[in-house]
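A.B. asks: With the sequence up front, the predicted model follows.
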Amino acid sequence: MFGLDYSWLADPAYQQWLLTGVVNTLKLAALSSAAAILIGMLGALGLTLRIFWLDALIELFVEVFRNTPPLLQMLFAYFTFSNLGLKVTDPSTGLSVPLLSAFACAAISLSLFGGALATEAFRSGIETMPRSIIDAARSLGYGRWARFWRIEAPIATRICLPGLTNILTNLFKTTSQASVITVPELMYYAGQIYNDTFRTLEVMILVLLIYVVLVSILTFAMARLEAFMAFPGYGRGH
């Protein structure tokens with residue numbers, strides 16, 4: 001039908017490549033998303049301290065990583081860390097290999113890119129929070145750190161969940177760019193398959209459907225989480 005040929009999909013080698021690519025994509029997305037959320041929370045915490053030099057550093061970090069292409073950041077991290085010459089010995093081969101693999105470089109660059117966006121999301125959540133909540137926490141004797149981690153961060157997370165959903169879905173899709181630095185994720189193996197089979201259209205259609213399914217699962221899960229954690233008076237849950 002439509003001249004499409006998926007006979008190559010019966011090959012166990014190609015099946016294994018696709019499965020490995022999906023697993024590595026999920027690992028990269030999960031690791032970078034968790035790190036991005038943590039970076040975003042720490043960045044938002046730093047901004048609430050109102051320390052001039054710390055504010056300047058965080059703002060510079062956000063501007064640099066928010067306003068440059070994530071692919072450029074990934075390439076910069078990969079070639080910069082490679083040129084540092086940091087090596088370790090691979091116990092299985094006895095050969096010297098870079099301390100940071102392509103996967104690690106991709107995870108670091110995606111984490112920083114997502115962290116810059118998450119910092120702004122958490123800051124908006126904190127600024128939207130009713131002032132009376134913060135005043136009540138102060139009157140109860142909460143210190144600065146306790147107030148942030150026990151009150152401000154949980155409430156801000158609920159408020160900014162729609163924005164975080166967009167950030168995490170975009171971060172998931174951006175993992176496909178890691179194939180450029182030879183990270184063996186889904187797009188990397190897709191390229192290997194269509195180079196072998198010359199069935200570029202068929203491979204791209206299949207990969208497109210895989211991404212649609214994976215990202216749809218993520219957005220559905222985030223929507224359910226948003227409804228469950230809805231803060232009264234904000235978002236869809238009010």
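C.D. replies: The structure has been received and is ready for your questions.
A.B. asks: can you give me the strands in the chain?
C.D. replies: Along the chain, counting by DSSP state E, strands occupy 87-89, 96-98.
A.B. asks: ok, the last one: who's next to it in the sheet?
C.D. replies: Spelled out, it's strand 96-98. strand 87-89 (antiparallel) (DSSP bridges).
A.B. asks: which other residues reach the partner strand?
C.D. replies: 95-99 (C-beta atoms under 8 Å, 6 or more residues apart in numbering). C-beta here means a position set from N, CA and C on the backbone, and glycine is covered the same way.
A.B. asks: now do stretch 94-111
C.D. replies: 24, 28, 31-32, 35-36, 39, 70, 73-74, 76-78, 81-82, 86-90, 171, 174-175, 178, 181-184.
A.B. asks: For it, what is the spacing between the initial and final residues?
C.D. replies: Stretch 94-111 has its terminal residues 31 Å apart, counting by C-alpha to C-alpha, to the nearest Å.
A.B. asks: What residues of the longest helix seen in the chain count as buried?
C.D. replies: Looking across the chain with DSSP state H, the single longest helix is helix 12-48. By 16 or more other C-beta atoms under 10 Å, the buried positions in helix 12-48 come out as 14, 17-18, 21-22, 24-26, 28-29, 31-33, 35-37, 39-41, 43-48.
A.B. asks: what's the answer for stretch 136-149, then?
C.D. replies: Within stretch 136-149, the residues that count as buried by 16+ other C-beta under 10 Å are 137, 142, 147-148.
A.B. asks: thinking again about what came up before, the contacts of strand 87-89, buried ones only, as a ChimeraX selection?
C.D. replies: A single ChimeraX command selects the buried members of the contacts of strand 87-89 (16+ other C-beta under 10 Å):
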select :98
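A.B. asks: tell me which of the contacts of strand 87-89 is nearest to Leu57?
C.D. replies: Relative to Leu57, the closest of those is Leu99; by C-beta to C-beta it sits at 25.8 Å.
A.B. asks: Low-confidence bits of this structure, can you list those?
C.D. replies: 1, 85-86, 231-238 (pLDDT under 70).
A.B. asks: ok, which stretches of it are helices?
C.D. replies: Going by DSSP H, the chain shows helices at 12-48, 52-66, 70-83, 102-128, 131-139, 144-147, 153-159, 161-174, 186-197, 200-228.
A.B. asks: any idea what sits nearest the residue positioned nearest the centre of the chain, other than its immediate chain neighbours?
C.D. replies: Nearest residue to the geometric centre of the chain (C-alpha atoms, centre = their mean): Ser33, 3.5 Å. Leaving aside its sequence neighbours, Ser33 sits nearest to Leu168 (C-beta to C-beta, 6 or more residues apart in numbering; 5.2 Å).
A.B. asks: With Ile134 as the reference, measure out to the one you found.
C.D. replies: 27 Å (C-beta to C-beta, to the nearest Å).
A.B. asks: Okay, Phe52 and Asp11: tell me how far apart.
C.D. replies: 61 Å.
A.B. asks: So which of these two has more stuff around it?
C.D. replies: Neighbour totals were compared for Phe52 and Asp11, and Asp11 leads with 13 against 7 (other C-beta atoms under 10 Å).
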